[in-house]
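In: Return atomic coordinates for the entry below.
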Amino acid sequence: MIPPKLPPMKTHFLFAAAMTAALSTTSRAQLVVGNDQSGSATIYEVDVSTGTATPLYASTTNEAKPWGMAYDASTNTLYWNNGSNLYSSPYGNPLVPTLLGGMTFNAATINFVALSFANGKLYGTRNIATEAVYEIDPVTRIATQIYVHPSTFDFGGLEHDASTGDLYGLSDTAPAPDVRGLYRIDPVAQTTTFVAPYPAGETDIDGLAVANGRAYYVTDGPNTTQASFYVFDVASGTQIGTLPSPFTGSGTFCAATWVGNSAPTTPATPFCFGDGAGAACPCANNGAPGNGCASSVNVNGANLAGSGLASIANDSFLLSGTGMPNSSALYFQGTSQLGGGLGVAFGDGLRCAGGSIIRLGTKNNVAGASQYPELGDTLISIRGFNAAGDVRTYQVWYRNAAAFCTPSTFNLSNGTSVTWIP
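Out: Next up, the predicted model:
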């Protein structure tokens with residue numbers, strides 16, 4: 001039997017929401033952009049080689065409408081803000097936003113029009129008093145002024161070059177004799193140095209990403225009037241290309257950052273397949289290789305995949321189930337592999353995860369798929385009472401209402417296993 005329901009868990013503070021990306025998504029280094037257009041807005045990943053824009057998150061709410069954006073490669077965390085509210089998500093597709101809360105300066109709420117990340121801190125700029133570069137603690141969200149620059153600058157884009165540590169800003173205005181464009185900002189020396197101009201005809205560019213010697217100028221849109229993002233060579237200060245803008249509406253603010261290719265992941269190992277290679281399915285109802293046993297609605301059977309980082313400190317581990325009926329699906333955790341890793345007959349499928357069982361959560365499948373955790377769910381590290389070094393097994397059990405090969409009306413996916421790290 002599936003284990004009995006556990007008592008309610010205590011509420012825990014979540015530093016980051018669950019990651020929802022496949023491992024291949026987080027391995028790419030790409031440009032990430034968004035704007036605050038009215039109606040529905042989308043945060044995109046832009047492939048700088050092809051110009052292809054892939055939606056990562058879309059909504060009519062403010063969490064999809066960034067003013068500034070920054071990326072922490074050490075934890076694979078994407079940060080962005082709308083006004084004073086700071087959001088985060090493990091980087092992946094789709095994003096799963098968590099509202100971290102409001103940012104403050106001198107105990108008062110403060111908003112920023114641009115963000116960057118370096119040395120464990122966020123950095124932000126404002127276009128109203130006091131115009132300055134601020135350092136922001138991402139946990140407490142308390143800001144500190146580190147460089148009050150001339151108010152004739154209007155730094156709407158901000159980004160650190162991860163390879164050099166240099167901070168750059170895009171400014172729509174500048175004190176004479178300087179002109180609008182890209183500037184290198186030195187908060188220690190309290191100086192700004194002109195690097196490159198805006199393209200001809202452009203006066204309002206609010207998003208900036210810098211990587212590999214290139215600066216990406218990201219326009220607000222819509223793409224009917226601002227069709228392109230611009231690519232500049234930092235060393236020479238010259239424009240070397242454009243990228244098509246995916247924005248469909250006009251934003252007052254937009255955001256950009258570069259997501260590096262060092263996103264950490266933890267290998268998840270699938271096991272216990274109902275494909276005839278291991279334990280026999282109850283009625284010889286073999287599924288496709290790597291899946292669970294076949295069901296009445298899917299001859300290939302269901303699949304469970306684990307992705308993200310199974311880390312106690314920075315948990316982004318995600319369980320994704322596919323190939324199921326549009327019914328309820330229970331995700332659960334075990335401490336062992338049944339049948340020597342081959343499974344044992346259970347219902348119309350094979351039970352793979354055994355030992356001490358914890359129910360993680362029940363989901364309703366849509367288009368045959370679901371996942372745990374979703375936005376608002378307790379992370380697996382917490383829900384499963386896991387510690388560094390624990391080896392845990394996972395499986396998804398689902399309702400299969402039509403009679404199939406046994407009197408039971410349920411089936412299971414394959415199993416997957418992971419070792420939790422600190």
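
In: Could you find the closest non-adjacent residue to residue 366?
Out: residue 326 (6.5 Å; CB to CB, 6 or more residues apart in numbering). Where you see a C-beta, it was placed from the backbone N, CA and C, and this is true even at glycine.

In: okay but that neighbour is in contact with residue 370, surely?
Out: No. Assessed by CB atoms under 8 Å, residue 326 is found out of contact with residue 370, at 9.6 Å.

In: shared neighbours of the two, anything?
Out: By CB atoms under 8 Å, 6 or more residues apart in numbering, residue 326 and residue 370 have these common neighbours: residue 364.

In: Give me the more crowded residue out of those two.
Out: Neighbour comparison, residue 326 and residue 370: the larger count goes to residue 370, with 24 against 15 (by other CB atoms under 10 Å).

In: Next up, the contacts around residue 70.
Out: Here residue 70 is in contact with 78-80, 115-117, 122-123, 159, 257 (CB under 8 Å, 6+ apart).

In: just to revisit the earlier point, kindly indicate whether the residue nearest to residue 366 is helix, strand or coil.
Out: Secondary structure assignment for residue 326 (DSSP: H, G, I helix; E, B strand; the rest coil): coil.

In: Quick one: residues contacting it.
Out: So residue 326 contacts 364-368 (CB under 8 Å, 6+ apart).

In: at 7 Å what do you get?
Out: 365-366, 368 (CB atoms under 7 Å, 6 or more residues apart in numbering).

In: Save these as TSV, and put in pLDDT too.
Out: TSV is the format used below for these (pLDDT from 0 to 100):
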residue	pLDDT
365	93
366	90
368	91
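
In: what about burial for those, which qualify?
Out: Buried residues within these, defined by neighbour count using 16 or more other CB atoms under 10 Å: 365, 368.

In: give me the number of residues near residue 50?
Out: That count, for residue 50 with other CB under 10 Å as the rule, works out to 9.

In: Identify, from the contacts of residue 326, the entry nearest to residue 58.
Out: residue 366 (16.2 Å; CB to CB).

In: ok now the longest strand seen in the chain, how far from the chain's centre?
Out: Identified as the longest strand of the chain according to DSSP state E is strand 391-399. Counting by CA atoms, centre = their mean, to the nearest Å, strand 391-399 is centred 24 Å from the centre of its parent chain.

In: Mind checking what helix or strand follows it in sequence?
Out: Sequence-wise, the next helix or strand downstream of strand 391-399 (DSSP states H and E) is strand 410-412.

In: who does that next one touch, helix- and strand-wise?
Out: strand 349-351, strand 391-399 (3 or more CB pairs under 7 Å, 6 or more residues apart in numbering; DSSP states H and E).

In: Quick check, residue 296 in contact with residue 401.
Out: No. The pair residue 296 / residue 401 is not scored as a contact, 8.3 Å apart, by CB atoms under 7 Å.

In: So for the two, which residue has more residues nearby?
Out: residue 296 (16 against 11).

In: do you know how far that one is from residue 188?
Out: The gap separating residue 296 from residue 188 is 67 Å, by CB to CB, to the nearest Å.

In: sorry, back to before: ok, which pair from the contacts of residue 70 is furthest apart?
Out: 78 and 123 (15.3 Å).

In: circling back to that earlier point, deepest in the core, which of the helices and strands packed on strand 410-412 is it.
Out: strand 349-351 (a mean of 28; mean count of other CB atoms under 10 Å).

In: Which neighbouring elements make contact with that strand?
Out: Using 3+ CB pairs under 7 Å, 6+ apart: strand 349-351 touches strand 410-412.

In: Any idea how many residues pack against the residue lying closest to residue 91 once chain neighbours are set aside?
Out: Using CB to CB, 6+ apart and skipping residues adjacent in sequence, the residue nearest residue 91 is residue 78, 4.6 Å away. The number of residues packed near residue 78 is 26, by other CB under 10 Å.

In: Where does residue 63 sit: helix, strand or coil?
Out: Residue 63 is classified as helix under three-state DSSP.

In: Does it touch residue 87 like I think?
Out: Yes. Between residue 63 and residue 87 there is a contact under CB under 7 Å: 5.5 Å.

In: anything in contact with each of those two?
Out: 97, 99.

In: any idea which helix or strand carries residue 151?
Out: Using DSSP H and E, no helix or strand contains residue 151.

In: Quick check: pLDDT value at it.
Out: Note for residue 151: predicted pLDDT of 95.

In: circling back: before we move on, what SS does the residue nearest to residue 91 have?
Out: Applying three-state DSSP: residue 78 is strand.

In: Who does residue 68 form a beta bridge with?
Out: residue 81 (DSSP bridges).

In: Now do it against residue 125, distance only.
Out: From residue 68 to residue 125 the distance is 8 Å (CB to CB).

In: Compare the two (neighbour count), which wins?
Out: residue 68 (32 against 26).

In: wait, that one sits on residue 124?
Out: Yes. Applying CB under 7 Å as the test, residue 68 and residue 124 come out as touching, 6.3 Å apart.

In: And the strands in the stretch 1-150 of the chain?
Out: Assigned by DSSP state E, counting those that start in this stretch, the stretch 1-150 of the chain shows strands spanning 30-35, 41-46, 53-59, 68-72, 77-82, 85-90, 98-102, 104-105, 108-109, 114-118, 121-125, 133-136, 143-147.

In: Save these as CSV, and put in mean pLDDT and distance to residue 153 too.
Out: Below are the strands of the stretch 1-150 of the chain laid out as CSV (pLDDT from 0 to 100; distance: least, CB to CB, whole Å):
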stretch, mean pLDDT, distance to residue 153
strand 30-35, 96, 21
strand 41-46, 97, 27
strand 53-59, 96, 30
strand 68-72, 96, 16
strand 77-82, 97, 20
strand 85-90, 96, 23
strand 98-102, 97, 25
strand 104-105, 98, 19
strand 108-109, 98, 23
strand 114-118, 96, 12
strand 121-125, 97, 9
strand 133-136, 98, 10
strand 143-147, 97, 11
